[in-house]
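Engineer: Provided below for reference: sequence and predicted model.
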Amino acid sequence: MSVKISLVIPGLCGPIPEIDETHPAASDLLKLLKPARATSTSMTGFANQLAKLFDINTSGKIPHAALSLEGVGIDPGEACWVRADPVNLQADMDRAILSDGQSLNLRTDEAEKLVDELNQHLAEDGLSVLLADSNNWFIKLDDCEFTTTPLHDAAGRNINHLLPEGKSAGYWKSLLNEIQMLLHMSSVNTAREQRGQAAINSIWLWGEGCLPAKGNPDITRVWTDDMLTAGMARLHDISFTALTDVNELANHMNPGTHSLITFEQLNQPACYGDAPAWHNALGDFVNVWLLPIVELARAGKASLDVYPCNGIKYRLLPSAINLQFWKKARLQDYVET
């Protein structure tokens, strides 16, 4: 029986506006990608790729909110949920550019006060924000008669054409305007701006839906610190934990096992087109995780599938894993700019 390892790494192949071929991690990344067999997955995006691996039928719409709640141990039940994550909207000419909570260093006490203020206002509509942690907020709904744009697709972009659409979109757009006015007056934001920090001046609605039906994945163990991945694992009663040491993976490489590992360090700089941050994150990731896992796969005779979430899967069979340099390869051959 075979041993399989799947690495899901959004942002590994960009897009990055400018690639530094002289960065040490560039050669190390080529050690992995050059000998690999590249095939189309017909799946782009982190969530879509995960759903495919977990054999979840989502009809192209990932219920991030319900699955993320499942991932942190909060039962979403059969209700419809939507994420309502804290963001900053920066006016720029006739555009509004979004920055997500992870880039805003929102403290837990700040998040708790903002959510309390929002809930006092939303009570009139029978709504309330559930705070999972400082960056992850949720609202329980009676229905999901609208569609949204995922936060990672809106981050760093003009959001004027990315607002909710559908039957109840007008209500949500109006409510968002009210929320923005409320947040503008919050003492939390006054204090943040006095410290030179960006205000939390809006929320971003996305990931609406109910918990999906189980699939039939062949995954036997999951290593992740991502709540969406954790939710998919918990849905299928698959053990999961954060990967803190490559040796943990080695202890699970028995015949018939399929280990799924997710890394998201590269996704945020890729979303914002931050080339220096991406190169730095790539260096840390390659040296600490990627090359040790490749070597572990080679020694343990495991097949290794790498998913950059760009519609391509790179497969390395034990006989093909080679840690020699490939002088003719260029990072631009693999990384989108």
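Structural biologist: Arrived safely, thanks for sending.
Engineer: G231 reaches I62, doesn't it?
Structural biologist: No - using C-beta atoms under 8 Å, G231 is not in contact with I62, being 10.5 Å away. C-beta: built from backbone N, CA, C; applies to glycine.
Engineer: who's more crowded, those two?
Structural biologist: G231 (29 against 24; other C-beta atoms under 10 Å).
Engineer: the more buried one - that's part of a strand, no?
Structural biologist: No - G231: not assigned to a strand; according to DSSP: H, G, I helix; E, B strand; the rest coil it is helix.
Engineer: who are the contact partners of it?
Structural biologist: 66-72 (C-beta atoms under 8 Å, 6 or more residues apart in numbering).
Engineer: please pick the buried ones from those.
Structural biologist: For these, a burial check counting by 16 or more other C-beta atoms under 10 Å picks out 66-71.
Engineer: in the least confident helix or strand in the chain by mean pLDDT, what's buried?
Structural biologist: When each helix and strand of the chain is scored by mean pLDDT, DSSP states H and E, helix 24-33 comes last, with a mean of 73. Using 16+ other C-beta under 10 Å as the test for burial, helix 24-33 gives 25-33.
Engineer: out of these, who's nearest P276?
Structural biologist: A25 (12.5 Å; C-beta to C-beta).
Engineer: against G101, how distant is the closest one?
Structural biologist: A25 sits at a distance of 27 Å from G101 (criterion: C-beta to C-beta, to the nearest Å).
Engineer: could you do L7 as well?
Structural biologist: 26 Å.
Engineer: possible to save the buried ones among the contacts of G231 as a markdown table with pLDDT?
Structural biologist: Formatted as a markdown table, these follow (pLDDT from 0 to 100):
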| residue | pLDDT |
| --- | --- |
| A66 | 97 |
| L67 | 97 |
| S68 | 97 |
| L69 | 97 |
| E70 | 97 |
| G71 | 96 |
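Engineer: which residues sit against the following helix or strand past the least confident helix or strand of the chain?
Structural biologist: Next helix or strand after helix 24-33 toward the C-terminus (DSSP states H and E): strand 37-44. With C-beta under 8 Å, 6+ apart as the test, strand 37-44 has contacts from 49, 52, 307, 309-317, 320.
Engineer: again, only this time at 6 Å
Structural biologist: Here strand 37-44 makes contact (C-beta atoms under 6 Å, 6 or more residues apart in numbering) with 49, 52, 311-315.
Engineer: how about stretch 249-260?
Structural biologist: Counting by C-beta under 6 Å, 6+ apart, 1, 3-6, 218-222, 296, 300, 302 sit against stretch 249-260.
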